[in-house]
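Chemist: Sequence first, then the predicted structure:
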Amino acid sequence: MQTLSFGKVCFFIKCLINAFFRITMDSFLEKLGRTSQRQFSFELLPPPKGKDIELIYNAIDPLVEYKPSFISVTYHREEIAYKVRKDGFIEKKTIHKRPGTVAISAAIKYKYNITVVPHMICGGFSREETENALIDLHFLGIRNILALRGDPAKFETRFEPEADGHHFASELVDQILKLNKGIYNDDELLNSTTTDFTVGVAGYPEKHFEAPNAEYDLQNLKRKIDAGAKFIITQMFFNNQVFYNFVEKCRKAGINVPIIPGIKPITALGQLYTLPSSFFIDIPQELVSNLSKYSQKLDIEKAGIEWAVKQAEDLYNFGCSNIHYFTMGTSRIIKSIIEATGIK
Ligand code: FAD
């Protein structure tokens, strides 16, 4: 009989332990409303093209010991750029500034055994390309997706789907849920493998910028839940009352899935202007005043962290057991916040 080496036995035991302790997104979501244990998750961006995945690991390493409930990885669609060539002609180029969402998600999952939630968007994808991306995720063992429409491309005045692509995130949710039942684009495929994705979607406490009003936006959020999404991660907000009102309206509208608040600590004065114009959110005057007192980077960061800690404390006390942080790779800041909110 072949004997197993010590290394192989250790590997086997590690796999068993991992499988035993692995918390699936479904069980995490199920416990969300019932636990008072404070939890956190965070969003990461793939590194800019040309940079190494070490950037991602450096952002995760300091936070691993605090056991994040999941890490989400953003998706960045291709952009059109015009470059002046040496001969003076202008060349139109398609560039992908931050590729690697799927690979990074798999790398995180297998390096850290942390639940990972890659973002998928409709923009730039036909249904067929979406299906192939879903198959990649499934083969990689990734079970969770944040399904988004994506913003209009830089040259578009309004969002334009690809030919045969999705117009709205609810259609993407629908496609994913169909694949979970083994329904592929090609309806002649027989005995097709089913997938088991858990899908989340975005919610906007201050309304999505294109929606004519909050009620209209809420009905569209409900479409995504009715299509089968199991959780909502919100856009950043700086006034918790806005979030509480949003949760109340969601519940009244029959949206009963967990709503995970998204928090962004402000780390630079410039963000007082860029965040409202990019994300269509309000920054309370008190926060503007707190930050505007300072000119030194560290003082500004400290004031931004204090505000985020105050928000997080209040949200935990309100009953949100998980807070999702938009980090932009700044794990040092997130570490200060989670330590200040008592996460060990
Ligand atoms: P949808 O839910 O499709 O809504 C878009 C607009 O259409 C809304 O105004 C809605 O009211 C309206 N609408 C929806 N359905 C209908 C319908 N049937 N009929 C008429 N109107 C309808 N973008 C990226 O490119 N990559 C990312 O990784 C990314 N991550 C994000 C993470 C979070 C937590 C959030 C909050 C946003 C993220 N975004 C990302 C931005 C997001 O893609 C944009 O906000 C986009 O403009 C809308 O996406 P959505 O999924 O909310 O769209």
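Modeler: All right, it came through fine.
Chemist: Can you tell me which residues in the chain are near the ligand?
Modeler: 74-75, 77, 119, 121, 148-151, 168-170, 202, 208, 210-211, 216-217, 220, 223-224, 233, 235, 262 (Cβ under 6 Å from any ligand atom). Bear in mind the C-beta positions are built from the backbone N, C-alpha and C, glycine included.
Chemist: How about the contacts made by Asp314?
Modeler: Contacts for Asp314 were tallied using Cβ atoms under 8 Å, 6 or more residues apart in numbering; they are Asn240.
Chemist: right, I mislabeled it, should have said Ser72
Modeler: For Ser72, the contact set (Cβ under 8 Å, 6+ apart) comprises Ser41, Phe42, Glu43, Leu44, Val116, Val117, Pro118, His119, Leu146, Ile233, His324.
Chemist: same question, Glu306
Modeler: Neighbouring residues of Glu306 by Cβ under 8 Å, 6+ apart: Asn290.
Chemist: ok so it is a helix residue?
Modeler: Yes. Per DSSP: H, G, I helix; E, B strand; the rest coil, Glu306 lies within a helix segment.
Chemist: Select from the residues of the chain next to the ligand every entry located in strands.
Modeler: His119, Ile121, Leu148, Ala202, Ile233, Gln235, Gly262 (DSSP state E).
Chemist: which two in those residues are spaced the farthest apart?
Modeler: The largest separation in those, counting by Cβ to Cβ, is between Ile121 and Gly262 at 16.9 Å.
Chemist: that older thread, can you add secondary structure and pLDDT and give the contacts of Ser72 back as a markdown table?
Modeler: Putting the contacts of Ser72 into a markdown table (DSSP: H, G, I helix; E, B strand; the rest coil; pLDDT from 0 to 100) gives the following:
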| residue | secondary structure | pLDDT |
| --- | --- | --- |
| Ser41 | strand | 97 |
| Phe42 | strand | 97 |
| Glu43 | strand | 97 |
| Leu44 | strand | 96 |
| Val116 | strand | 97 |
| Val117 | strand | 98 |
| Pro118 | strand | 98 |
| His119 | strand | 98 |
| Leu146 | strand | 98 |
| Ile233 | strand | 98 |
| His324 | strand | 98 |
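Chemist: ranges for the helices of the stretch 1-150 of the chain?
Modeler: Here the stretch 1-150 of the chain has its helices, by DSSP state H, counting those that start in this stretch, at 6-21, 25-32, 54-64, 101-112, 127-139.
Chemist: what residues does the last one touch?
Modeler: Okay, so that is helix 127-139. Applying Cβ under 8 Å, 6+ apart, the external contacts of helix 127-139 come out as 102, 105, 118, 120, 122, 125, 145, 162, 164-166, 172, 175-176, 179, 184-185, 193, 195, 197.
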